[in-house]
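In: Provided below for reference: sequence and predicted model.
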Amino acid sequence: MMTVAQMRAGRALLGIDQRQLAEMSGVSLPTIQRMEASEGNVRGVVETLTRVIEAFQRAGVELIGENAASPGGGRGVRFSRSAAQAGER
């Protein structure tokens with residue numbers, strides 16, 4: 001599951017717009033726009049949600065679930081450890 005706030009934060013973390021996320025995920029721009037226009041949890045077809053989440057993961061963004069281990073607690077977005085290490089080189 002992914003919240004609208006996580007989706008927007010993931011894009012912000014990568015410095016990309018909705019069009020770029022659509023291209024990265026293979027999802028249409030209107031679909032990305034509809035997903036971000038909802039409130040709370042992103043609504044959509046499971047396959048579409050999976051494509052967007054996988055696009056974030058490939059780009060090095062980790063979506064943190066409500067009960068996932070996180071020093072800050074709660075939901076959020078962070079770079080995955082491998083992406084952070086790659087940036088240090």
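Out: Cool, got the structure. All of these numbers come straight from a predicted model, not from anything done at the bench.

In: poorly predicted segments of this protein, please.
Out: Residues of the chain meeting the criterion pLDDT under 70: 66-76, 79, 81-89.

In: please redo it, this time with the cut-off set to 90
Out: Across the chain, the ranges flagged by pLDDT under 90 are 1-3, 38-41, 43-44, 60-89.

In: quick one, helices of it?
Out: 4-14, 18-25, 29-37, 46-58, 81-88 (DSSP state H).

In: looking at those helices, which is nearest to residue 64?
Out: For residue 64, the closest of those is helix 4-14, at 7.9 Å, according to CB to CB. For the C-beta atoms, the positions are set from N, CA and C on the backbone; glycine is no exception.

In: tally of neighbours for residue 28?
Out: 11 (other CB atoms under 10 Å).

In: hmm, it is touching residue 22, no?
Out: Yes - in this structure residue 28 lies within contact range of residue 22 using CB atoms under 8 Å: 6.1 Å.

In: skipping adjacent residues, who's closest to residue 25 in space?
Out: residue 55 (3.8 Å; CB to CB, 6 or more residues apart in numbering).
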